[in-house]
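Enquirer: Provided below for reference: sequence and predicted model.
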Amino acid sequence: MTDPALLRSLQAAVDAAPRDLPLRLHLAELLVAGGDADQALVHAVAALQADPSSAPARALMARVLAAQTPATAVDPPAGGARQDPPAGGARQDPPAGGARQDPPAGAGERFDWRRAEEDLGAVVPPVFVESSDDEDDDDADEGEAERPTVTLDDVGGMRHVKERLQLSFLGPMSDPRLRALYGKSLSGGLLLYGPPGCGKTFIARALAGQMGAGFLSVALSDVLDMWLGNSERNLHRVFQQARRKAPCVLFLDEVDAIGMKRSLTRNSGMRTTVQQLLTELDGMGGDNEGVFVLAATNAPWDVDPALRRPGRLGRTVLVLPPDAPAREAILRHHLQGRPVAGVDLAKLVKRTEDFSGADLASVCESAAERALADSMRTGTVRTIGMTDLLAAVAETRPSTAAWLEQARNVALYANESGEYDELRDYLRKRRLL
């Protein structure tokens with residue numbers, strides 16, 4: 001009789017290391033020897049799941065099954081052929097291979113394979129599942145689009161960006177007579193590009209708020225799927241939802257991942273996803289009237305050229321690191337509601353050139369942490385001062401530096417068509433070219 005304490009110790013060890021196959025097999029062997037064939041079966045099944053080709057695991061399964069059947073059962077030879085028991089019903093030990101055999105007639109009940117498979121069904125999830133009718137219905141309601149309360153007035157600085165948005169979207173929408181006179185459609189696409197953390201998503205949301213339109217933000221995870229054809233279907237659903245909620249701003253974040261240059265990938269699934277995006281932008285999947293597509297990317301040079309032709313995402317807006325008025329507004333926003341004193345915003349603005357909006361938020365957070373740590377250490381609550389903010393600025397390296405270096409190479413060596421002239425002029429103004 002196996003010591004119960006030993007079995008408990010081995011069970012704990014298996015629970016701690018479930019992938020340790022020799023340990024699990026050893027425990028199962030002891031359980032079989034102790035007469036607990038049911039519990040041994042659980043470990044035998046787990047071992048075969050981990051390594052279906054394991055000969056010891058298959059042999060153990062044969063022993064467990066033999067222990068659960070009457071003594072007259074005969075196990076099969078190698079190769080898995082079924083045999084009748086020898087005369088007299090003598091029991092034979094299982095050979096290597098462990099294939100199943102039915103016991104002879106009258107020898108007792110056979111092993112319940114159906115029940116065993118049902119038990120496995122609770123452990124191994126199904127490989128294929130059926131979609132519900134709602135999932136297949138393109139017209140199924142997927143919820144209301146967001147109604148942003150922020151407007152372009154809440155965007156500090158960035159005068160050039162606001163002017164471009166006013167010309168492309170807000171002007172035609174606010175004056176229907178002029179729109180009709182010049183034949184301007186209430187649809188179109190615009191690509192926002194620039195370094196990360198500079199407010200492209202916030203600008204898109206503010207534009208929707210300014211227009212009084214719905215806002216649908218689409219991330220990479222909302223579209224791409226491992227199963228063939230699902231990415232295209234997801235993309236079609238997104239556009240269908242935007243059409244039903246028109247007027248609506250459809251924001252495609254990280255569009256370089258969804259619409260990557262087809263020459264850069266050999267993945268057929270990615271190529272067909274780009275093709276589906278082209279189809280949706282052309283309105284072939286439905287009427288795009290009232291659907292304003294804004295896309296954002298940090299790497300416009302990786303976006304498929306077909307997406308950037310006129311009529312799709314042909315208009316581009318460069319969203320640069322916040323200018324001085326924008327940096328002041330961002331710093332003021334993130335310091336609002338915190339105990340501050342003696343803060344010289346003008347000095348901070350001069351010290352934070354090339355900082356992104358995310359960098360400035362991090363500066364304010366770090367300064368607050370310094371003041372909090374000092375208050376905890378001394379037991380006296382103090383305000384956030386200029387010393388804390390300058391120390392945080394000194395510790396923060398602008399996250400836009402790597403992007404500006406990459407953009408410099410593009411402006412120098414990949415601007416034959418002139419599409420990055422605006423970027424080139426900015427870099428020259430900053431003396432980075």
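Expert: Sure thing, it's come through. Small disclaimer: the values here were computed from a predicted structure and weren't measured.
Enquirer: any idea whether Ile203 is helix, strand or coil?
Expert: Under DSSP: H, G, I helix; E, B strand; the rest coil, Ile203 falls in the helix class.
Enquirer: for this structure, which helix is longest?
Expert: If you go by DSSP state H, the chain has its longest helix at helix 357-378.
Enquirer: Am I right that Leu294 is in a helix?
Expert: No: counting by three-state DSSP, Leu294 falls outside a helix, being strand.
Enquirer: Is it correct that it is in contact with Asp253?
Expert: No: contact criterion CB atoms under 8 Å: Leu294 and Asp253 do not qualify, at 9.4 Å. From N, CA and C alone the C-beta is placed, and that goes for glycine too.
Enquirer: for the stretch 251-400 of the chain, what are the low-confidence residue spans?
Expert: Applying pLDDT under 70 to the stretch 251-400 of the chain flags residues 284-286.
Enquirer: Can you tell me how far the nearest residue to Trp403 once chain neighbours are set aside is from Asp425?
Expert: Nearest non-adjacent residue to Trp403, counting by CB to CB, 6 or more residues apart in numbering: Pro195, 3.8 Å away. Plainly put, Pro195 is 16 Å away from Asp425 if you go by CB to CB, to the nearest Å.
Enquirer: These two: which is more packed in?
Expert: Pro195 (22 against 13; other CB atoms under 10 Å).
Enquirer: And the pLDDT for the more buried one?
Expert: You'll see Pro195 listed with a pLDDT of 94.
Enquirer: count of neighbours near the nearest residue in space to Asp154 that is not next to it in sequence?
Expert: In this structure, Asp154 finds its nearest non-sequential neighbour in Ala206, 5.9 Å apart by CB to CB, 6+ apart. Burial of Ala206 is recorded as 23 neighbouring residues (other CB under 10 Å).
Enquirer: ok, Ala206 - contacts?
Expert: Pro148, Val150, Thr151, Leu152, Asp154, Val155 (CB atoms under 8 Å, 6 or more residues apart in numbering).
Enquirer: now do Tyr182
Expert: Neighbours of Tyr182 in contact, by CB under 8 Å, 6+ apart: none.
Enquirer: repeat for Val223
Expert: Counted by CB under 8 Å, 6+ apart, Val223 has contacts Ser231, Asn234, Leu235, Val238, Ile258, Thr273.
Enquirer: Farthest pair within the residues you listed?
Expert: Distance extremes for the contacts of Val223: the farthest pair is Val238 and Thr273 at 12.0 Å, using CB to CB.
Enquirer: Sketch out the helices for the stretch 101-250 of the chain, chain order is fine.
Expert: Here the stretch 101-250 of the chain has its helices, by DSSP state H, counting those that start in this stretch, at 113-121, 133-136, 159-165, 171-174, 176-181, 200-211, 220-223, 230-244.
Enquirer: again with the stretch 251-400 of the chain
Expert: 255-258, 268-281, 324-335, 345-351, 357-378, 386-395.
Enquirer: Between the ones you listed, which one is closest to Pro176.
Expert: helix 268-281 (23.9 Å).
Enquirer: and that closest one, which residues are buried?
Expert: Gly269, Met270, Thr273, Val274, Gln276, Leu277, Leu278, Glu280, Leu281 (16 or more other CB atoms under 10 Å).
Enquirer: Contact partners for the fifth one?
Expert: This means Gln276. Ser231, Glu232, Leu235, His236.
Enquirer: Now rank the residues you listed by neighbours and give me the top one.
Expert: Leu235 (24 neighbours).
Enquirer: Touching, it and Leu281? I think so.
Expert: No: Leu235 is beyond contact range of Leu281, at 10.3 Å (criterion: CB under 8 Å).
Enquirer: how much space is there between the residue sitting nearest the centre point of the chain and Asn234?
Expert: The centroid of the chain falls nearest to Ser221 when counting by CA atoms, centre = their mean (4.1 Å). According to CB to CB, Ser221 and Asn234 sit 10 Å apart.
Enquirer: burial count for Cys380?
Expert: Slight slip there: residue 380 is Thr, not Cys. For Thr380, the neighbour count with other CB under 10 Å is 8.
Enquirer: That one and Asp374: what is the separation?
Expert: 9 Å.
Enquirer: And for Gln275?
Expert: Taking CB to CB, one finds Gln275 at 58 Å from Asp374.
Enquirer: Next: Cys198.
Expert: For Cys198 relative to Asp374 (CB to CB), the value is 32 Å.
Enquirer: Equivalent analysis for Pro22, please.
Expert: In terms of CB to CB, Pro22 sits 56 Å off from Asp374.
Enquirer: Same check on Met158?
Expert: 35 Å.
Enquirer: Neighbour count: the two, which is higher?
Expert: A count of neighbours by other CB under 10 Å puts Met158 above the other of Met158 and Asp374, at 22 against 14.
Enquirer: Please report phi then psi for that one.
Expert: According to degrees, to the nearest 10, the main-chain angles of Met158 amount to phi 50, psi 50.
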